[in-house]
Every structure is written in C-alpha cells, then in structure tokens.
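# This is the structure alone, sequence omitted:
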Ligand SMILES: Nc1ncnc2c1ncn2[C@@H]1O[C@H](COP(=O)(O)OP(=O)(O)O)[C@@H](O)[C@H]1O
Ligand SMILES: [Mg+2]
C-alpha cells in the first residue's frame, strides 16, 4: 500500500503559471531552480503534484532523477528519458527517421533506432526535442531531480549544454517551448549550474522550495490514527525541530502505533519524546558512517567541513591542517597527508556520499547539514585549535 501523500495543488498551480508564462523580461525561459534541504518533500511534490499539473496544463513532461542510480552517468539518464518519451509518439519517430535520411526504409519509424539519438550521435538532443515539439505542438517540460549531480561528470556538463541549445531553439517563435526545472537540495551547488555565462542555465531564477507547513501538519494529525489526539500546534513545533522532515514525525508515530499500553492522555508527550529520538537516530546513522572512516578520511572530511567554501584541497596550508587534525585524532598513526592519499580519501568520501565533487575540482559536503552535525558533536573542535 502506498503511503498517503499530502497534496499541494495551489503551489503546483502557481509554479505551472510561472513556468508557462512568457512574461516580458522574465528569465524563466532559461529554466527554474528549486532548492530545499534533503528529505523535505521536493521529489514527492514534483512527482505527485507538479508533474500532473503541468500535464493538465497541456505540457509534455519528462522527469529524471539523476540520483536514481548514482553509477549511471547523468547524460545517459537524461538521454534515456528523452528516448523513452519519443518512443511514445510514432509520428515523431517517423519524422526523425525521415530527417535522418531513412525515409526509404522506414515504415512507421520501425527502421529508426532510438539509439541514434544522443550526444555525439546522428540525431542531437536538440533535434530530437524539436521534432517532439513540432509533432505534438505542445510545450515540453523537463524536470531534473538532484540536478547538482549533472555537473559531476564531463558528459553531464555536455548534456546541460545540449539542453541549452535545445531550449534556445524550442523557445524561438517557430516552436512550442522547452522549460527545464532543476531540483536540488543545495543552493550553492545549484547556483554553480547558473552563475557563469558559459553555463547552460545562466540567469535562471533560483527559488526556495517552501517546506511543508501548518496545513500538512493538520492533515497529519487528522490521519495519524494514534491512541489519542495530537495537538497540531505542538506537532508543528516538533516538525520545525525535525527540520521539516516528514519522515521524522512519521517514524515517531510508527513507534507509538504499536505501543498498546499507551494511555490516550499521554499520546502528546510520548509523541514529543519519540520525535526527539528519531532526530537523534537520524544523526546517529550519519555519525556511524563518519566514525567508520580511516583517520585520514576523517581528517579530510573535518577540514573540508570546517573550511566550507574556502576549502582548497591541496594547498600547503590545507595539508598542514590535515596534519594537525591527524596528530590529534590519531597521535600514533603513521600516515602523512600527501596529494595522492588525500585524493584517494576524497574519492572514498564521495563513494560514501559524504562529499560532492564538481567535475572541475570544486569540493563540498554532499549535505551541508553534515557540517552542523560534526560541529554539534564536537568533531570540528580539532580544526579550530590554533595552529602551532
Ligand atoms: N507531501 C507529502 N505528503 C506525505 N509525505 C511526504 C510528503 N512529502 C514528503 N513526504 C515524505 O518525506 C519523505 C522525503 O520526501 P522526498 O520528496 O523524497 O524529499 P526530497 O526530495 O526533498 O529529498 C518521503 O519519502 C515521504 O515519506
Ligand atoms: Mg528528492
């Protein structure tokens, strides 16, 4: 049984209107960026509310999650989504077959293989999307979830440039428009996709995706079905403490659901306690991963978290910081930080989804909340110590 979803139709409608409008002076045609912290309901909203609302408004909608399979190159994921959409429209496939010079063999497009579409292939993404637009006469919207992942590979970068070309073409008066919505959990990373003129989304608006609010909490309290009622105002405060993550309050409710001896009058207090435990449990899970790191990996992670966007992995002063941290966390250790083993440590941290690396060498924490967690549990104290 699927978990019930709290729908946000007004928010979806507002976004649809903003996206579809071609207002004078608006840069929305460049795309739109939606940012909010992890686990706060972005993907759920995009899949459950935004996608259907766009379809109702007459758009062709493609949704890709660049994290669905982290091993697959972002470019491959994007191209696969475009091919899958094209395959639903016989007319488009026939059109592409024709334009690729296959009209003699193609009957209903069967002779045309969709493998021919992609970066560096006979049929470019731009070409394919233009055919789709012309055939269907509908605007196309591409929703890219975990979009920051696109710039972790060279092919991902290329895919973004290909999409920019497609967008420029489709947004000209001859076609029916292409809008690209990039969704991600980190503003700074998303901003890297749009800040410089050579970027595919230069100038696109970056919007803070609103977290779930009071109306969601009322819906939750109404439907939660515990032994006694929950007070929405109290739960709202707990939800804030949980950084607006529905899973935390959901797990707290689950913990009480099977407590058969619970007095209905105690439900509120027990729920508050359970939420606290769930917040802690989420932290403990991340900390477990961090405690299992090698001393060097741990030192690199801490220095990165401590320095934030000033972090320069291989500079002499940074090497010095790793050394200082290593000395205090593993005084008997024999490892000396060098460019090569720091590089390896960074790769290991990426594999563990703790660190994110932009293709061209900018590093940051995969989740910015990791820095707060490390600080809160005193793991950054070693970095703050004045250097000898
Ligand atoms: N509108 C909603 N109604 C009910 N539960 C939700 C809603 N949005 C999110 N959730 C819950 O929170 C979890 C995290 O949401 P998700 O959309 O994956 O977050 P994000 O994409 O921001 O990381 C989901 O698995 C779901 O259980
Ligand atoms: Mg998501």
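Happy to help now that I have it. Small disclaimer: the values here were computed from a predicted structure and weren't measured. Residues are numbered from 1 along each chain as shown. Ligands and ions are numbered 1, 2, ... in the order given.
# List the contacts of the residue positioned nearest the centre of the chain.
Geometric centre of the chain, nearest residue: residue 146, 2.4 Å, by CA atoms, centre = their mean. Residue 146 sits next to 65, 66, 67, 183, 184, 185 when contact means CB atoms under 8 Å, 6 or more residues apart in numbering. No exception for glycine: its C-beta is placed from N, CA and C like everyone else's.
# redo that, cut-off 7 Å
Counting by CB atoms under 7 Å, 6 or more residues apart in numbering, residue 146 touches 65, 66, 67, 184.
# neighbours around the residue in the stretch 101-250 of the chain that ligand 1 sits nearest to, how many?
The stretch 101-250 of the chain approaches ligand 1 most closely through residue 246 (3.7 Å), counting by CB to the nearest ligand atom. By other CB atoms under 10 Å, the residues close to residue 246 number 21.
# Roughly how far does it sit from residue 277?
According to CB to CB, to the nearest Å, residue 246 stands 16 Å off from residue 277.
# Is the longest helix along the chain in proximity to ligand 1?
Counting by DSSP state H, the longest helix found in the chain is helix 267-291. No - on the criterion CB under 6 Å from any ligand atom, helix 267-291 is out of touch with ligand 1, staying 12.0 Å away.
# which non-adjacent residue is nearest residue 215?
Ranked by CB to CB, 6 or more residues apart in numbering and with sequence neighbours excluded, the top spatial neighbour of residue 215 is residue 6, at 7.8 Å.
# and what of residue 41?
residue 212 (5.5 Å).
# and that neighbour, what does it touch?
Residue 212 neighbours (CB under 7 Å, 6+ apart): 6, 41, 244, 246.
# Could you identify the pair within the residues you listed that is furthest apart?
Spatial extent of the contacts of residue 212 (CB to CB) is set by the pair 6 and 244 at 12.7 Å.
# still on that earlier bit, mind listing what's buried in the longest helix of the chain?
267-268, 270-272, 274-275, 278-279, 282, 286-287, 290 (16 or more other CB atoms under 10 Å).
# What distance do you get for residue 356 to ligand 1?
Distance, residue 356 to ligand 1, by CB to the nearest ligand atom, to the nearest Å: 15 Å.
# Sorry, slip of the keys, the one I care about is residue 330.
Residue 330 is 34 Å from ligand 1, by CB to the nearest ligand atom.
# how about the strands in the stretch 201-350 of the chain?
206-208 (DSSP state E, counting those that start in this stretch).
# where does this protein come near ligand 1, residue by residue?
Going by CB under 6 Å from any ligand atom, the residues of the chain near ligand 1 are 3, 5-6, 36, 38-44, 246-247.
# Mark which of those are buried, thanks.
In these, the ones that pass as buried (16+ other CB under 10 Å) are 6, 36, 38, 39, 40, 41, 42, 43, 44, 246.
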